[in-house]
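Chemist: Let me see the structure of the following:
(4 chains)
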There are 2 protein chains.
Amino acid sequence: MTTAEETAGGEKQPWAEVTPDAARRLLVAAVEAFAERGYHATTTRDIAGRAGMSPAALYIHYKTKEELLHRISRIGHEKALDILRTAARRDGTPSERLADAVSSFVRWHAGGRTTARVVQYELDSLGPDARAEILALRRQCDAEVRGIIEEGVAAGEFDVLDVKGTTLAVLSLCIDVARWFNVDGPWTPDEVGALYADLVLRMVGVK
Amino acid sequence: MTTAEETAGGEKQPWAEVTPDAARRLLVAAVEAFAERGYHATTTRDIAGRAGMSPAALYIHYKTKEELLHRISRIGHEKALDILRTAARRDGTPSERLADAVSSFVRWHAGGRTTARVVQYELDSLGPDARAEILALRRQCDAEVRGIIEEGVAAGEFDVLDVKGTTLAVLSLCIDVARWFNVDGPWTPDEVGALYADLVLRMVGVK
DNA sequence: CGGTGCTCTAAGCAACCGCTCACCTTCGGC
DNA sequence: GCCGAAGGTGAGCGGTTGCTTAGAGCACCG
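Modeler: Model (predicted):
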């Protein structure tokens, strides 16, 4: 009833690695609740209720409410890093790889908006240790994109004034998709991905 | 060139219009607390404490905690709209006006990051009525930027495939500055503004 | 001087929060 | 048939939340 499946956007079975079935149901429920109301506004009773369980059941599988957010954040960031890494290391020119990286990264943020929203916007709700761990993953995402841009500049394909700043802007553009996408928007994730790939190629000065 | 009231990293006095002095102190305290911890994680006791008052004093000037967020959001959005409107309606070519709009809009998000963060990211914490009012202001922001881009296309200065999508991307890029700026970044608001103005001109295909 | 309105405080209420505990059910192995 | 582990529940604890109430201090005004 709440937020229908995002199968339309292409989210497959992203939480298959969460092994006890009840633990996965709780985690999926937490993703939905966090995305809708935010971490602090979500109660453990709400999460357990969405998973069809009593409030106490949550604490059999997770030590605290924050551990749920931590798990969601880590798995999500690993998925995001995997997407960028795959695009960065395939065959092709820097232009092709950058376009691939941006379009698939944007598709993930648009199609799995529920997940992406939690992953990208609830970072500050984590404690210092968990936060530092996630930030390390985020720096790796940054490095993958910067690598493509640097190669494009070295190959003479790109014309960029500030590599670091442009990298940050490209990632920022993609990430913010999770904030605005599909509040009854007229675009599919594929369309936004294609549009954004074009815009980013313009940003790096592809002739 | 720049409105010099924005000192580096510091807050200006944009809240001069909030008339009883105690009410303004409470509102400024709320902006800081909401930006640091988020709306739901902020307690009314924390807000009152920052303003040097007892918890009950808050309710003399504001009916609820949500009314504080509403006031902050409305004033902030009006300021943002004012910035875009000023840039859009000044003299100059579409390229010049777009660059001006982007750089000043970005400067506001970077320099007044505390305020901008609350304004842009705590919208969902408002009730339906207040939320609808703010969304109307946001659509006006969108219309100002789209207007500049449409004029640039009509004048043959810009080469844009999807005006609506590009407008959204430009605003998204600027808004997301409030999320990442100054987490020990090496840039000043002016530098980010200049970089982003260049990137946006590339996005709209200025020759 | 007594009243009047405004600002602020100390104390506290009802509700809700994250989380725990004693206890119940199910089920495979022997 | 018995047992211990694993997964689940209802009840509830201590603490915190947004907000209220009774009343104190204080300028102003007839």
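Chemist: Chain A: helices as residue ranges?
Modeler: With helices called from DSSP state H, chain A shows them at A:21-37, A:44-50, A:58-61, A:65-88, A:94-111, A:113-121, A:128-154, A:163-175, A:177-180, A:189-203.
Chemist: so how far is the fifth one off the chain centroid?
Modeler: From the chain centre to the centre of helix A:94-111 is a distance of 12 Å (C-alpha atoms, centre = their mean, to the nearest Å).
Chemist: Report the backbone C-alpha coordinates of that helix in CSV.
Modeler: Extracted in CSV, the C-alpha atoms of helix A:94-111 (Å, rounded to 0.1, in the frame of the first residue of the first chain):
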residue,chain,number,x,y,z
PRO,A,94,36.9,8.0,-21.6
SER,A,95,33.8,9.7,-23.1
GLU,A,96,32.0,6.4,-23.5
ARG,A,97,33.0,5.3,-20.0
LEU,A,98,32.0,8.6,-18.4
ALA,A,99,28.6,8.5,-20.2
ASP,A,100,28.1,4.9,-19.0
ALA,A,101,29.0,5.7,-15.5
VAL,A,102,26.7,8.7,-15.3
SER,A,103,23.7,7.1,-16.9
SER,A,104,23.9,3.9,-14.8
PHE,A,105,24.6,5.8,-11.6
VAL,A,106,21.6,8.1,-12.3
ARG,A,107,19.4,5.1,-13.2
TRP,A,108,20.2,3.6,-9.8
HIS,A,109,19.4,6.9,-8.0
ALA,A,110,16.2,7.3,-9.9
GLY,A,111,14.9,3.7,-10.1
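Chemist: Could you check the angle it makes with helix A:163-175?
Modeler: Angle between the axes of helix A:94-111 and helix A:163-175 is 40 degrees (criterion: axes from the mean of the first three to the mean of the last three C-alpha atoms, to 10 degrees).
Chemist: and helix A:94-111, what's its mean pLDDT?
Modeler: Taken as a whole, helix A:94-111 carries a mean pLDDT of 97.
Chemist: quick one: the closest residue to A:Leu137 other than its chain neighbours and A:Ala23, what's the gap?
Modeler: Closest residue in space to A:Leu137, ignoring its immediate chain neighbours: A:His77 at 4.1 Å, by C-beta to C-beta, 6 or more residues apart in numbering or on different chains. Just so you know, the C-beta spots here come from the backbone N, C-alpha and C atoms, and that holds for glycine as well. Going from A:His77 to A:Ala23 by C-beta to C-beta, to the nearest Å gives 19 Å.
Chemist: Kindly report the same for A:Asp100.
Modeler: From A:Asp100 to A:Ala23 the distance is 34 Å (C-beta to C-beta).
Chemist: shaky segments in chain A?
Modeler: Applying pLDDT under 70 to chain A flags the ranges A:1-13, A:183.
Chemist: swap the cut-off to 80 and go again
Modeler: A:1-14, A:183-184, A:207 (pLDDT under 80).
Chemist: Quick one: end-to-end length of stretch A:159-167, please.
Modeler: Stretch A:159-167 has an end-to-end distance of 13 Å (C-alpha to C-alpha, to the nearest Å).
Chemist: which parts of that stretch are buried?
Modeler: Residues A:160, A:164-167 are the ones in stretch A:159-167 that count as buried (16 or more other C-beta atoms under 10 Å in any protein chain shown).
Chemist: now stretch A:177-196
Modeler: Buried residues in stretch A:177-196, counting neighbours by 16+ other C-beta under 10 Å, are found at A:177-182, A:187-189, A:191-196.
Chemist: dump the residue contacts of the spatially closest residue to A:Leu195 that is not a sequence neighbour.
Modeler: Excluding the flanking residues, the one nearest A:Leu195 by C-beta to C-beta, 6+ apart is B:Gly165, at 4.8 Å. Neighbouring residues of B:Gly165 by C-beta atoms under 8 Å, 6 or more residues apart in numbering or on different chains: A:187, A:192, A:195.
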